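Student: predicted coordinates and the sequence they were generated for:
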Amino acid sequence: MPKFIVDECTGMSVVHFLRKQGYDTISVSESMPQAVDVDILQRAIIEERIVITNDKDFGDMVFRDQRAHKGIVLLRLSDDLVETKLRVLVAVLTEHVEKLADHFVVATEENIRIRSTVR
């Protein structure tokens, strides 16, 4: 079962939902408030956690800067309501949970794209 680290911008509702589903989940806002993205990514690597975020900067770090990671789920939502985040996240977990590790996942209201970043 994957472990997650949820970025502050994604919100505590996602953290609570994942914990309720039995996932080992830490919250950036609880454990490392106002941490910079590089530090979040480093902790995720050390603890083998998948980052869940709304922050496009993680894409730049992975693809432009070629930083290592253990998996990133980028929620690119036009509707930022909690219900939408949870609905999209449920789709990601239901359909693709086994593909999250070591991949970059972009999830929108309409589709889920999974890219390998293994070099």
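Tutor: Looks like it arrived, so ask away.
Student: surely Asp57 touches Asp37?
Tutor: Yes. Judged on C-beta atoms under 8 Å, Asp57 makes contact with Asp37 at a distance of 5.3 Å. Every residue, glycine included, has its C-beta placed from N, CA and C.
Student: quick one: residues contacting Ile52.
Tutor: The neighbours of Ile52, taking C-beta atoms under 8 Å, 6 or more residues apart in numbering as the test, are 4-7, 10, 14, 18, 72-73, 75, 89.
Student: okay if I get these as JSON lines plus neighbour count?
Tutor: Converted to JSON lines, these look like this (neighbours: other C-beta atoms under 10 Å):
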{"residue": "Phe4", "neighbour count": "23"}
{"residue": "Ile5", "neighbour count": "25"}
{"residue": "Val6", "neighbour count": "29"}
{"residue": "Asp7", "neighbour count": "25"}
{"residue": "Thr10", "neighbour count": "24"}
{"residue": "Val14", "neighbour count": "23"}
{"residue": "Leu18", "neighbour count": "22"}
{"residue": "Ile72", "neighbour count": "25"}
{"residue": "Val73", "neighbour count": "28"}
{"residue": "Leu75", "neighbour count": "24"}
{"residue": "Leu89", "neighbour count": "22"}
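Student: so where do the strands sit in the protein?
Tutor: Counting by DSSP state E, the chain has these strands, from start to end: 4-6, 25-27, 50-53, 72-75, 103-107, 112-116.
Student: now the longest helix anywhere in the chain against strand 103-107, angle please.
Tutor: Ranked by residue count, the top helix of the chain under DSSP state H comes out as helix 82-96. Helix 82-96 and strand 103-107 are oriented at 140 degrees to each other (axes from the mean of the first three to the mean of the last three C-alpha atoms, to 10 degrees).
Student: helices or strands up against helix 82-96?
Tutor: helix 12-20, strand 72-75, strand 103-107, strand 112-116 (3 or more C-beta pairs under 8 Å, 6 or more residues apart in numbering; DSSP states H and E).
Student: about what we covered before: looking at the contacts of Ile52, which two lie furthest apart in space?
Tutor: Farthest-apart pair in these is Leu18 and Ile72; separation 15.1 Å (C-beta to C-beta).
Student: related to what we said a few turns ago, so how far is the longest helix of the chain from its chain's centroid?
Tutor: Centroid displacement of helix 82-96 relative to its chain, using C-alpha atoms, centre = their mean, to the nearest Å, is 12 Å.
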